[in-house]
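Trainee: sequence-free structure coming up:
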């Protein structure tokens with residue numbers, strides 16, 4: 001399952017905290033079906049998850065992963081970098097736990 005860093009959770013909560021969005025809102029990650037590169041993802045704000053979305057909730061930040069993107073993001077980590085009013089998200093591999 002997609003993991004979310006604390007930085008990403010804070011950024012997501014800030015993005016969806018607008019007065020015109022319901023408390024159920026979250027960030028939605030979906031594949032672009034017509035993209036030139038397979039596996040290209042797009043990010044948008046959604047009021048509720050779509051019917052087959054996987055919902056990831058981390059510290060009150062909700063991410064809706066589109067059904068076709070679940071396998072692509074299954075072992076990934078979503079992080080965010082905030083620069084003033086701009087937020088950039090990165091997806092990387094989750095580190096294996098140390099034994």
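Mentor: That came in fine, so what should we check first? The shown structure was predicted, so the numbers you read here are calculated from the model rather than taken from an experiment.

Trainee: So which other helices or strands are in contact with the longest helix seen in the chain?
Mentor: The longest helix of the chain (DSSP state H) is helix 6-15. Helix 6-15 sits against strand 26-31, strand 61-65, strand 76-83, strand 86-93, with contacts defined as 3 or more C-beta pairs under 8 Å, 6 or more residues apart in numbering; DSSP states H and E. C-beta: built from backbone N, CA, C; applies to glycine.

Trainee: Of these, which stretch is the most buried?
Mentor: strand 61-65 (a mean of 24; mean count of other C-beta atoms under 10 Å).

Trainee: List the strands paired with that strand, with their directions.
Mentor: Counting by DSSP bridges, the strands paired with strand 61-65 are strand 26-31 (parallel), strand 54-58 (antiparallel).

Trainee: Relative to residue 80, which of those strands is closest?
Mentor: With C-beta to C-beta as the criterion, residue 80 lies closest to strand 26-31 of the strands paired with strand 61-65, at 9.8 Å.

Trainee: neighbouring contacts of the closest one?
Mentor: For strand 26-31, contacts defined as C-beta atoms under 8 Å, 6 or more residues apart in numbering pick out 2, 12, 15-16, 39-46, 49-50, 53, 55, 61-66, 68-69, 72-73, 78.
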